[in-house]
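K.L.:
Please find the sequence and the predicted model below.
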Amino acid sequence: MPSIFSRIVSGELPAFKVAEDEHHLAFLDITPLVEGHTLVIPKREVDYIFDMAPAELASLHLFAQRVAKGVKAAVPCKRVGVAVIGLEVPHAHIHLIPMNNVADMNFANPKIKVAEQRMNQLAAAIGAQVPAVVSGTAAAPVDPRDTKGGRETTEATEPETKQGKPDATDPALATLRDMTTGLVYMSEGDAPLEPVSFAAPAGSLTDATLAQLAGLPADTKVEKQELTYFLRNHTADNGVLGNPELANRFKALQMYLKQELSGTQVYRLGTGPQVPVLVLGEAEGGKLQGFKTVLTET
């Protein structure tokens, strides 16, 4: 049975959402210790936070850091306290609690009641202050294949088509995984770069084939874009994050995709606000390799 947090993620239950990306969600606690008490969760349901894969756990804390900055900017407090209890809901989560003294972090304190209108105001105020990224960091990508449960989920849900499915056992993925680890595509949201390798499709690479490889309906609109243009903001001297090291890594990735793969092309699938993107080129043996990410346009 899905946890109450998974039901919030799916949209089955409402929440006062503060921030969200592809893998994480932050929303106000409806039984808070103080105003602005926020919960940060991974969208993938994991009961115990320390059962998460290292990269997944790191990514959750980086997301929580961004949300905490929003809480600190929007709610008057000396500090934003952090707590992980793990007994209330069987879904890993982090508490972010505005505090002016240690007693504000006491979970034995009576919970307060905040009116719905005020909760909406708080969620909007905090959300408006959450930075796109924390300067000098890069959100670690979350690869569900890092854990046994994630591998089983991926294998059970990976779309199979006439053209085949992503080949997770391809050793050539190791190079792409090394090159994309820690890289995030920044648009109006942020999304990790996830390496992919597909078996050679039967026949030509049509729009319908691309859509099926991405697990989308065959009639999904596909728009092509040149790789250099797509990565232009990330390969600038300091990059979109003002981090030369990350900019150099994007440059190295771009060079690899252009030199080691043939006919590398960016494919945007569908329309906004969140557009799946496949970046694919032909490798030896006719395989299609590259990465996938998400472009956010509002």
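P.N.:
Looks like it came in fine.
K.L.:
How is this structure divided into domains?
P.N.:
4-129, 160-296 (automatic domain parsing).
K.L.:
Quote the end-to-end distance of the first one.
P.N.:
In other words, domain 4-129. Chord length of domain 4-129, first to last residue, is 27 Å (Cα to Cα, to the nearest Å).
K.L.:
what do you get for stretch 209-222?
P.N.:
Span of stretch 209-222 from end to end, Cα to Cα: 10 Å.
K.L.:
Show me what counts as buried in that stretch.
P.N.:
209, 210, 211, 212, 213, 214, 215, 216, 220, 222 (16 or more other Cβ atoms under 10 Å). Backbone N, C-alpha and C define where each C-beta goes, glycine included.
K.L.:
follow-up on the earlier one: in TSV, list the domains of the chain along with mean pLDDT.
P.N.:
Converted to TSV, those look like this (pLDDT from 0 to 100):
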stretch	mean pLDDT
domain 4-129	94
domain 160-296	83
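K.L.:
Would you double-check that residue 19 falls in a strand?
P.N.:
Yes: counting by DSSP: H, G, I helix; E, B strand; the rest coil, residue 19 is found in a strand.
K.L.:
okay but it is in contact with residue 124, surely?
P.N.:
No: counting by Cβ atoms under 8 Å, residue 124 is not a contact partner of residue 19; they are 11.3 Å apart.
K.L.:
list the contacts for residue 278?
P.N.:
196, 210, 213, 214, 266, 267, 269, 290, 292 (Cβ atoms under 8 Å, 6 or more residues apart in numbering).
K.L.:
just those now: which is nearest residue 28?
P.N.:
Closest approach between the contacts of residue 278 and residue 28, by Cβ to Cβ: residue 292, at 31.7 Å.
K.L.:
tally of neighbours for residue 16?
P.N.:
For residue 16, the count of nearby residues is 21 (other Cβ atoms under 10 Å).
K.L.:
quick one, helices of the protein?
P.N.:
If you assign secondary structure with DSSP state H, the helices in the chain sit at 4-9, 54-74, 116-129, 148-157, 173-180, 207-213, 227-230, 244-259.
K.L.:
angle of the longest one against helix 116-129?
P.N.:
It stands for helix 54-74. Comparing the axes of helix 54-74 and helix 116-129 via axes from the mean of the first three to the mean of the last three Cα atoms, to 10 degrees yields an angle of 110 degrees.
K.L.:
one step back: of the helices of the chain, which is nearest residue 94?
P.N.:
Here helix 54-74 is closest among the helices of the chain (Cβ to Cβ), at 5.0 Å.
K.L.:
by contact count, what packs against the closest one?
P.N.:
Helix 54-74 sits against strand 17-20, strand 24-28, strand 38-42, strand 79-83, strand 94-99, helix 116-129, with contacts defined as 3 or more Cβ pairs under 8 Å, 6 or more residues apart in numbering; DSSP states H and E.
K.L.:
buried stuff in that helix?
P.N.:
55-60, 62-72, 74.
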